[in-house]
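**Student:** Could you look at this predicted model? Sequence included:
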Amino acid sequence: MKHPGPLLTLFAGLVLGLFILTLNAMTGEPAPSSRQRPATSATPSPRPSTPSPSSPARTSPPATTASAGPQTEYAGRTTDNTASVAISLRGNKAIAYVCDGRTREAWMRGPVEEDGDMHLTSAETNAKLDGILSGGKVTGTVDIGDRNWAFTADKAVKPSGLYRAAAQVRGAELKGGWIVLQDGSQVGIVSRDGKPAAAPPIDPATGAVTVDGTQLTARPVVP
């Protein structure tokens with residue numbers, strides 16, 4: 001007679017396996033599975049930033065310095081010592097006054113070339129001045145009517161220089177011009193309705209001058 005031992009052992013193993021499966025299903029515990037690698041969130045490496053094309057820097061327009069620049073003046077006498085000449089320069093412009101202190105005078109203006117050459121003329125008369133600025137002085141010739149002078153005018157330092165005044169006094173139109181030389185001496189003419197005569201001296205510090213009992217102010221001439 002055969003023993004039932006192996007069959008009972010097999011049956012007991014089946015029952016035990018069924019029991020374990022039933023228990024796992026009831027508890028919801030997942031059956032063991034192969035290990036999974038923890039998910040790693042791959043952070044993309046930042047792309048090198050491409051520099052955006054920089055807009056061209058705005059540049060302020062160059063400062064416009066006055067083409068006039070600093071003013072310089074020159075004053076002197078004709079070679080025969082009968083008249084005085086004063087020239088006021090600013091940038092490439094010049095104005096000149098020639099006066100004999102009695103009856104002959106002329107105002108002239110015009111451009112100054114880069115090499116210092118100047119040819120000044122009068123809008124009222126046929127007077128003209130041809131000169132050259134070199135070595136800190138102006139030398140040249142001046143023509144007024146039938147008179148022609150050679151002259152030299154050295155650089156003037158205030159109060160020496162060129163002055164002018166204009167006003168209506170007792171119904172008459174007064175126009176005055178003065179040249180103050182480096183030694184302090186003065187030459188000038190005041191015209192009353194176009195009639196020239198010797199001018200009274202001005203106060204170089206203030207420009208004050210009394211003409212026909214009326215006080216006027218002679219001011220430096222600016223080209």
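**Tutor:** Sure, I can see it. Numbering: from 1, shown residues only.
**Student:** where does the protein dip in pLDDT?
**Tutor:** 1-69 (pLDDT under 70).
**Student:** Going along the chain, name the helices of it.
**Tutor:** Assigned helices in the chain, in chain order: 5-27 (criterion: DSSP state H).
**Student:** how close does S185 sit to P204?
**Tutor:** 11 Å (Cβ to Cβ, to the nearest Å). C-betas here are computed from N, CA, C, even on glycine.
**Student:** Check V222 too.
**Tutor:** Distance of V222 to P204, given as Cβ to Cβ: 17 Å.
**Student:** which one is M108 nearest to, not counting chain neighbours?
**Tutor:** With Cβ to Cβ, 6 or more residues apart in numbering as the criterion, M108 has its nearest non-adjacent residue at 3.9 Å, and that residue is L120.
**Student:** Can you give me the neighbour number for that neighbour?
**Tutor:** 24 (other Cβ atoms under 10 Å).
**Student:** higher neighbour count, S185 and P204?
**Tutor:** Each of S185 and P204 has its neighbours counted (other Cβ under 10 Å); P204 has more, 17 against 12.
**Student:** contacting residues around the closest residue to that one other than its chain neighbours?
**Tutor:** What sits nearest to P204 in space, not counting adjacent residues and going by Cβ to Cβ, 6+ apart, is P159, at 3.3 Å. Taking Cβ atoms under 8 Å, 6 or more residues apart in numbering as the criterion, P159 is in contact with 180, 204-205.
**Student:** Repeat that for L216.
**Tutor:** Taking Cβ under 8 Å, 6+ apart, we find L216 in contact with 165, 167, 169, 174, 176, 208-210.
**Student:** coming back round to it: could I get the phi/psi values of the residue nearest to P204?
**Tutor:** Torsion angles at P159 (phi, psi; degrees, to the nearest 10) stand at phi -90, psi 0.
**Student:** and the gap between it and A218?
**Tutor:** For P159, the distance to A218 - Cβ to Cβ - is 11 Å.
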